[in-house]
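# I need the structure of the sequence given here:
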Amino acid sequence: MAQFDVYKNPSSSTKKLYPYLVDIQNPLISEIATRIVIPLGRLSHFKNQIMKILTPEIDFNNDKLVLLTPQVAAMPANLLKAPIGSLSHYRHEIISSLDFAITGV
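Numbers count the residues shown, from 1 in each chain. All right, here's what the predicted structure looks like:
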């Protein structure tokens, strides 16, 4: 599992609003059974809740998405199947959103 890999959301109850999860966990932390993820939501469902730094817009698979940093969570690694892409080119935006959530800067 690589940092910033994208996975399909395995939850049948939430995958309509949050079709993807991005793994943000550093590869150095690989011995635990969970991964830290941030859901990606469809922009059309979250237009009024976007804060540019905290919830940046992401283009993935021809879909306009929002990185929902306030919903960061841990989930069992075995639920994340094969990655379907990477957001490593959004590294700066992802880390900035986490930094803003924690420090406000």
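# CA-only coordinates of stretch 96-105 in PDB, if you can.
Output in PDB follows, covering the C-alpha atoms of stretch 96-105 (Å, rounded to 0.1, in the frame of the first residue of the first chain):
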ATOM      1  CA  SER A  96      -1.800  21.300   3.500                       C
ATOM      2  CA  SER A  97      -5.400  20.300   4.300                       C
ATOM      3  CA  LEU A  98      -4.200  18.100   7.200                       C
ATOM      4  CA  ASP A  99      -1.900  20.800   8.500                       C
ATOM      5  CA  PHE A 100      -4.700  23.400   8.300                       C
ATOM      6  CA  ALA A 101      -7.000  21.000  10.200                       C
ATOM      7  CA  ILE A 102      -4.500  20.500  13.000                       C
ATOM      8  CA  THR A 103      -2.800  24.000  13.200                       C
ATOM      9  CA  GLY A 104      -5.200  26.300  11.500                       C
ATOM     10  CA  VAL A 105      -2.400  27.600   9.300                       C
END
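# just the mean pLDDT for it, thanks.
Mean per-residue pLDDT for stretch 96-105: 94.
# show residues contacting that stretch.
I24, I53, L54, T55, P56, L67, T69, P70, V72 (C-beta atoms under 8 Å, 6 or more residues apart in numbering). Using the backbone N, CA and C atoms, a C-beta is placed for each residue, glycine as well.
# hmm, V66 and the fifth one touching each other?
Yes. Under the criterion of C-beta atoms under 8 Å, P56 lies in contact with V66, with a separation of 7.5 Å.
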